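J.: Sequence plus predicted model, see below.
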Amino acid sequence: MEIESWWLLAIPLFFGLGWFAARLDLRSGGARPRGQLPEAYFRGLNFLLNEQPDKAIDAFVDVVRLDPETVELHFALGNLFRRRGETDRAIRVHLNLVERRDLDAQQREHALFELGQDYLKAGLLDRAEDAFNRLEGSRYAAAALHHRLELAQMVRDWPLAIGHAERLERDCGERHGRDIAHYRCEMAAAALAQGTPEGRAAARREIAAASAADPAHPRPPLLAGELALAEDDPAGAIAAWEPLVRESPSFLALAAGDWLAAHAAVGRFDAGLAALERVQAEHPAVDTFAAIADALARERGQEEALAWARAGLERQPSLLALERLLALHAPLADEARRGDIELMQRVVQPQARRLARYVCRHCGFKARQFYWQCPGCSRWDTYAPKRTEEIERG
């Protein structure tokens, strides 16, 4: 098998380990000639050079003894265990260090920080949180706070995440306005989903706080429009979304259908359509294309919608747009042609489904719906409001 690249970086560490081990052996017995390394060290190095990392690391563990002089070597081995995914062994090494009474306070804090990372990688979230909480006031407090923020996001404890993010801003001078805006929006979305007056009132407060945390982010106005529609206020929804036309036009694709429906509800369909067509000309999106075609079919009839869709497809060829065009065309076709259209739909649909997904720019995770936080890597704002087809086309 091929040796993992990180083992090449580990080789100098083990040469250093051997030097320390030789000093310890001289100090403890003196029977070995000066400078001679312990047998386990050479055995481990031989395993390492023969691409047997599992046996090598076991041999190096034999070299490391529970002695105050070998603390840094224990840290190195524990970190190597964690990097290789052997979290149970990493936990044992670092837990042993935490429980040793002969270490000074800084060494125990270091061990506790490493132990918290072991627990986090192993998915033992409650133990990880306890370890990081115990580092409050230590030199690892800021780094531990970052992990506590990560944990709060993982368990979706948004009030706790807001508290940690605000502390990092206050104590460390970091900027977390965008993160806080997302946390507020998550709370607003959950409150809005309750479907109650109290829930809508809570959502309004959180949306206002999110806008204050990051005035330039498109998510709060999108949610504000959704809230207005839930309160049967299409004019309020339009007012909430209008800043997007100027500041984040590509994100209007996420509300394109509701944008047109709200304009129709207040008797301003033509104005809403014209504004959305201008956005579509500069920031073409399949979702906007589909929203306009559907709205035209509803407001002006299938034939006008079909003519608009055909012209749009000629300007910007797209398999997803073709699928929508076929769906509009099928009801207007005679019996003979309808069979051909349905056949084309069956041919196009499998590929269209593949191209209709959103994709994370960081980890490549693909999803059928748009996410503000990637389910794969948990990063925020890594999805563009465009489908795979549009991204691949560039």
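T.: Nice, I can see it. Residues are numbered from 1 along each chain as shown.
J.: can you map out the strands along the stretch 101-250 of the chain?
T.: With DSSP state E, counting those that start in this stretch as the definition, the stretch 101-250 of the chain shows no strands.
J.: would you list every one of the helices in it?
T.: Ranges of helices in the stretch 101-250 of the chain, per DSSP state H, counting those that start in this stretch, are 105-122, 125-133, 141-154, 158-172, 177-193, 197-213, 219-230, 234-247.
J.: Now render these as JSON lines, adding mean neighbour count, distance to Arg82 and mean pLDDT.
T.: All C-beta spots, glycine's among them, are computed from the backbone N, C-alpha and C. Formatted as JSON lines, the helices of the stretch 101-250 of the chain follow (neighbours: other CB atoms under 10 Å; distance: least, CB to CB, whole Å; pLDDT from 0 to 100):
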{"stretch": "helix 105-122", "mean neighbour count": "20", "distance to Arg82": "6", "mean pLDDT": "95"}
{"stretch": "helix 125-133", "mean neighbour count": "18", "distance to Arg82": "12", "mean pLDDT": "96"}
{"stretch": "helix 141-154", "mean neighbour count": "19", "distance to Arg82": "14", "mean pLDDT": "96"}
{"stretch": "helix 158-172", "mean neighbour count": "17", "distance to Arg82": "23", "mean pLDDT": "96"}
{"stretch": "helix 177-193", "mean neighbour count": "21", "distance to Arg82": "26", "mean pLDDT": "97"}
{"stretch": "helix 197-213", "mean neighbour count": "18", "distance to Arg82": "34", "mean pLDDT": "97"}
{"stretch": "helix 219-230", "mean neighbour count": "22", "distance to Arg82": "35", "mean pLDDT": "98"}
{"stretch": "helix 234-247", "mean neighbour count": "18", "distance to Arg82": "43", "mean pLDDT": "96"}
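J.: got JSON lines for these, with distance to Phe81 too?
T.: As requested, the helices of the stretch 101-250 of the chain are exported to JSON lines (distance: least, CB to CB, whole Å):
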{"stretch": "helix 105-122", "distance to Phe81": "8"}
{"stretch": "helix 125-133", "distance to Phe81": "16"}
{"stretch": "helix 141-154", "distance to Phe81": "18"}
{"stretch": "helix 158-172", "distance to Phe81": "28"}
{"stretch": "helix 177-193", "distance to Phe81": "31"}
{"stretch": "helix 197-213", "distance to Phe81": "40"}
{"stretch": "helix 219-230", "distance to Phe81": "40"}
{"stretch": "helix 234-247", "distance to Phe81": "49"}
